[in-house]
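Enquirer: whatever this is, show me its structure:
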Amino acid sequence: MTPRRYTFIIADRRSGKMLRSTINIRPALVTLVILAALPILIGQAIALKASLDTASVVAKSQTFERENAKFRSLSQALSGKIGQLQTVIVDVGARSQLDPAVSSSMERLPSLIKAQAMGMGTAHQTTALGKQRKWTSLSTPEETFIWLHMLLDGLESQIDIVSTAVAQRNELAQATPTLWPTRGWLSSTMGRRKDPFTGSPDFHSGIDIAAMRGRSIYATASGEVIAVGVQGNYGKRIVINHGFGLETRYGHLLSYTVKKGDWVERGDQIGQMGNTGRTTGYHLHYEVLANGQILNPLRLLTQQAPLEK
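Expert: Predicted coordinates:
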């Protein structure tokens, strides 16, 4: 079918000239439709692009929200761990404070006693901090959080070691015989002397503290009473095991206020001063042993006995 054609004639009346133009209707209509639809297509393209941009922004926003939620969770866990460590550090610091007098006496204990009390191998323990991976770079916040957690785990391990050492030190402090066992005057020291009965050379294995009959006798450190009773020259005697190889003995007592198996704290009354056994008058014979070896009590006595009530 032959397509329709239209001829347009434009005439100039003055000059008589005419301008003819023939148009094929189908291409013309197609062109007009395209021109009419072009703004709509452009608008739809812009709307589609805007929709895609919005979807991208929403997706990124959701990703950021998930990451932020994850980091908030990691931050809260990190803050909680830091808070726990701060509490532990404060507690360890408080427990590490010792009475200067007790600390001074502890320094005079035999090295073997102190080594036994501190576990001997504590200084050689390997901590998680020493085994941690050495991060040369932290490329993401998540890696930073992981590294901080590892660092805090190592610090926690170090604090645990320090806390154990403080606990052991405090136990040794409680076991160190620092308290004068009674109030009175020093009538005889430890070492070579003349026997008060025979005048012959003799070795005195402890110190003598003289006072009035019935004066209170006190435990010089915390420990378990392992012997109560009469034994030879000691007369009525009490023996206390303080642990860590430390032991104290109290002789010539008038009476006891404890029995075998009792646990006593430093400063608890355990008996009364007397003159039982081989003695020339009312006094307390007091001995300290470290791993079975006689130790001069005067090296450790830094705290006065309680006043009589």
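Enquirer: for the closest residue to residue 230 other than its chain neighbours, grab phi and psi.
Expert: Using C-beta to C-beta, 6 or more residues apart in numbering and skipping the chain neighbours, the partner closest in space to residue 230 is residue 236 (5.6 Å). For the C-beta atoms, the positions are set from N, CA and C on the backbone; glycine is no exception. When quoted as degrees, to the nearest 10, the phi and psi of residue 236 stand at phi -70, psi 120.
Enquirer: test my guess that residue 236 contacts residue 217.
Expert: No: judged on C-beta atoms under 8 Å, residue 236 makes no contact with residue 217 at a distance of 10.5 Å.
Enquirer: what touches both of the two?
Expert: 253, 271 (C-beta atoms under 8 Å, 6 or more residues apart in numbering).
Enquirer: looking at those two, which one has more neighbours?
Expert: residue 217 (26 against 21; other C-beta atoms under 10 Å).
Enquirer: can you give me the helices in this structure?
Expert: For the chain, the helices defined by DSSP state H occupy 25-95, 100-107, 111-117, 141-175.
Enquirer: rank those helices by mean pLDDT and give me the bottom one.
Expert: Mean pLDDT per stretch puts helix 25-95 lowest among the helices of the chain, at a mean of 70.
Enquirer: now do the residue most central in space within the chain against residue 90, distance only.
Expert: Nearest to the geometric centre of the chain sits residue 159, at 3.8 Å (C-alpha atoms, centre = their mean). With distances taken as C-beta to C-beta, to the nearest Å, residue 159 is found 11 Å from residue 90.
Enquirer: what does residue 79 give?
Expert: Relative to residue 90, residue 79 is positioned 17 Å away (C-beta to C-beta).
Enquirer: same question, residue 57
Expert: Relative to residue 90, and taking C-beta to C-beta, residue 57 is found at 48 Å.
Enquirer: so who does residue 180 touch?
Expert: Contacts of residue 180 by C-beta under 8 Å, 6+ apart are 209, 218, 220, 301, 303-305.
Enquirer: narrow these to just the buried residues.
Expert: The neighbour-count test (16 or more other C-beta atoms under 10 Å) marks 209, 218, 220, 301, 303, 305 as buried among these.
Enquirer: the first one bridge partners, please.
Expert: On the basis of DSSP bridges, residue 209 takes part in beta bridges with residue 186, residue 284.
Enquirer: if we can go back for a sec, so what's the residue lying closest to the residue nearest to the centre of the chain once chain neighbours are set aside up against?
Expert: The shortest distance from residue 159 to any non-neighbouring residue, by C-beta to C-beta, 6+ apart, is to residue 88 (5.6 Å). Taking C-beta under 8 Å, 6+ apart, we find residue 88 in contact with 156, 159, 163.
Enquirer: these two touch, right, the second one and residue 93?
Expert: No: under the criterion of C-beta under 8 Å, residue 159 makes no contact with residue 93, lying 10.5 Å away.
Enquirer: tell me the spacing between the residue nearest to residue 230 and residue 153.
Expert: 57 Å.
Enquirer: same check, this time on residue 262
Expert: Taking C-beta to C-beta, one finds residue 262 at 44 Å from residue 153.
Enquirer: could you check which of the two is surrounded by more residues?
Expert: Between residue 262 and residue 153, residue 262 has the larger neighbour count (other C-beta under 10 Å), namely 18 against 15.
Enquirer: got a list of what the more buried one touches?
Expert: 224-225.
Enquirer: state the pLDDT value of it.
Expert: Reported pLDDT for residue 262: 97.
Enquirer: check which residues of stretch 234-244 are buried.
Expert: Going by neighbour count (16+ other C-beta under 10 Å), the buried part of stretch 234-244 is 234-244.
Enquirer: could you identify the most distant pair in those residues?
Expert: Greatest spacing in these, by C-beta to C-beta: 235 and 244 (27.9 Å).
Enquirer: CSV for the contacts of residue 88, including distance to residue 189?
Expert: Shown next, in CSV, are the contacts of residue 88 (distance: C-beta to C-beta, whole Å):
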residue, distance to residue 189
156, 50
159, 45
163, 40
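Enquirer: from those residues, which single one is nearest residue 147?
Expert: Using C-beta to C-beta, these come closest to residue 147 at residue 156, 14.9 Å.
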